[in-house]
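Asker: Predicted coordinates and the sequence they were generated for:
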Amino acid sequence: MEKVKTAIIGPGNIGSDLMYKIMRSEYLEMSHMVGIVESEGIRRARKLGFETTTEGVEAILDIDEIKIVFDATGAKAHAVHAPLLRKAGKIAIDMTPAAVGPYAVPCVNLESLSNEMNFNMVTCGGQATVPIAYAINQAADSEYTEIISCISSKSAGPGTRANIDEFTETTARALELVGGADKGKAIIILNPAEPPLMMTNTIHSLVRNPDERKIQESVRKMVEKVREYVPGYKLRTPPMIDGNRVTVIVEVEGAGDFLPKYSGNLDIINAAAIEVAEKIARERLQN
């Protein structure tokens with residue numbers, strides 16, 4: 001079966017896990033792993049038989065066969081990469097909080113995004129909580145939504161730690177622009193517990209129309225949609241309604257492709273990115 005060739009910039013944990021997910025894809029083909037120094041991730045990709053380079057993004061700009069590029073570096077780096085990839089005619093899947101392109105949360109707004117050259121995957125917390133925020137807003141009209149993402153400290157690498165400020169800003173904005181809340185706020189907690197705990201996300205919303213039946217049904221349907229591409233996504237606490245306050249807690253268990261299963265935070269953003277890329281690939285293959 002014909003597939004669409006892809007490259008990954010950034011051979012760290014996120015990039016390596018993406019590589020294994022691409023290897024399982026029906027529509028995507030792994031071509032290049034791109035870094036700036038020789039690293040374990042570069043050696044891992046090379047050992048698996050993929051092309052590698054330590055010359056940075058410039059090394060793949062002229063390779064016409066590569067149509068989709070996952071950028072798993074950092075917000076500042078993507079701000080540099082984005083215009084170069086656009087000029088080269090490559091679709092960028094931005095794994096950083098740079099937010100150069102529109103926010104993409106597959107189960108909420110992917111169908112409305114067309115002819116884009118840059119898709120921003122928000123943040124791990126955004127992918128876990130924006131769907132629930134959207135479901136609550138659809139059922140009850142949210143005035144304010146606050147989320148708390150709690151992840152294992154072991155699953156927060158240098159990139160995650162370096163982008164924490166961008167994480168809170170980007171996630172909060174996505175709660176508004178995609179989730180539909182009038183006002184959004186995001187908090188991230190790095191939990192040092194041993195053994196490491198699964199990613200948990202608490203969503204608090206203040207709503208105008210606290211209809212319990214509608215909220216319960218809307219959240220249930222949304223969880224099913226997320227589970228189509230993140231099987232380890234589940235309700236830990238179904239919607240609790242107290243007056244106009246709605247609280248939902250979701251847990252994310254990773255697929256264990258490359259990272260430990262407790263790294264649900266990295267798994268969910270990668271799974272969402274693959275969902276976006278596969279939609280693009282299917283459309284290209286059909287044309």
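Answerer: Here it is on my side, so go on.
Asker: show me the contacts for the residue nearest to Ala59 when sequence neighbours are not counted.
Answerer: Closest residue in space to Ala59, ignoring its immediate chain neighbours: Thr53 at 4.1 Å, by Cβ to Cβ, 6 or more residues apart in numbering. Any C-beta I mention is one placed from the backbone N, CA and C, and that applies to glycine too. Under the criterion of Cβ atoms under 8 Å, 6 or more residues apart in numbering, the neighbours of Thr53 are His32, Met33, Val34, Gly35, Ala59, Ile60.
Asker: possible to save the residues you listed as JSON lines with distance to Asp267 and neighbour count?
Answerer: Supplementary listing: these in JSON lines, determined by distance: Cβ to Cβ, whole Å; neighbours: other Cβ atoms under 10 Å:
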{"residue": "His32", "distance to Asp267": "23", "neighbour count": "20"}
{"residue": "Met33", "distance to Asp267": "19", "neighbour count": "27"}
{"residue": "Val34", "distance to Asp267": "22", "neighbour count": "30"}
{"residue": "Gly35", "distance to Asp267": "22", "neighbour count": "22"}
{"residue": "Ala59", "distance to Asp267": "28", "neighbour count": "17"}
{"residue": "Ile60", "distance to Asp267": "25", "neighbour count": "23"}
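Asker: Can you tell me which of these end up in strands?
Answerer: Members of the contacts of Thr53 lying in strands (criterion: DSSP state E): His32, Met33, Val34.
Asker: which of the residues you listed lies closest to Arg44?
Answerer: Taking Cβ to Cβ as the measure, Met33 is the one of those closest to Arg44, at 8.1 Å.
Asker: quick one on the thing from earlier: can I get the ones in strands among the contacts of Thr53 in TSV with pLDDT?
Answerer: What follows is the ones in strands among the contacts of Thr53, written out as TSV (pLDDT from 0 to 100):
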residue	pLDDT
His32	98
Met33	98
Val34	98
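Asker: May I see those residues organised as TSV, with distance to Ser152 added?
Answerer: Output for the ones in strands among the contacts of Thr53, formatted as TSV (distance: Cβ to Cβ, whole Å):
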residue	distance to Ser152
His32	30
Met33	25
Val34	28
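Asker: Correct me if wrong: Thr247 contacts Ile203.
Answerer: Yes - between Thr247 and Ile203 there is a contact at 7.0 Å, judged by Cβ atoms under 8 Å.
Asker: Would you confirm that Pro239 belongs to a strand?
Answerer: Yes - residue assignment for Pro239, taken from DSSP: H, G, I helix; E, B strand; the rest coil, places it within a strand.
Asker: picking up where we left off before, between Thr247 and Ile203, point out the one with more neighbours.
Answerer: With neighbours defined as other Cβ atoms under 10 Å, Thr247 and Ile203 compare such that Ile203 has more, 29 against 16.
Asker: Which pLDDT does the model give the more buried one?
Answerer: Ile203 carries a pLDDT score of 98 in this model.
Asker: again with the one 4 residues further on
Answerer: You'll see Val207 listed with a pLDDT of 98.
Asker: Show me the strands in this protein, by range?
Answerer: 4-9, 28-34, 51-53, 66-71, 91-94, 118-120, 142-152, 183-191, 199-207, 233-242, 245-252.
Asker: so who does the closest residue to Gly264 other than its chain neighbours touch?
Answerer: Excluding its sequence neighbours, the residue lying closest to Gly264 (Cβ to Cβ, 6+ apart) is Val252, at 3.2 Å. Contacts for Val252 were tallied using Cβ under 8 Å, 6+ apart; they are Ala128, Met198, Met199, Thr200, Asn201, Val230, Gly232, Tyr233, Gly264, Asn265, Asp267, Ile268.
Asker: Nearest to Thr6 among those?
Answerer: Using Cβ to Cβ, Asp267 is the member of the contacts of Val252 that sits closest to Thr6, with 18.2 Å.
Asker: who are the neighbours in contact with that closest one?
Answerer: Asp17, Val230, Gly232, Val252, Glu253, Gly254, Ala255, Asp257, Leu259.
Asker: quick one: which of those sit in helices?
Answerer: Asp17 (DSSP state H).
Asker: Model confidence score at the residue nearest to Ala59, please.
Answerer: With respect to pLDDT, Thr53 has a value of 98.
Asker: now it: how far from Ile91?
Answerer: Separation of Thr53 from Ile91 (Cβ to Cβ, to the nearest Å): 19 Å.
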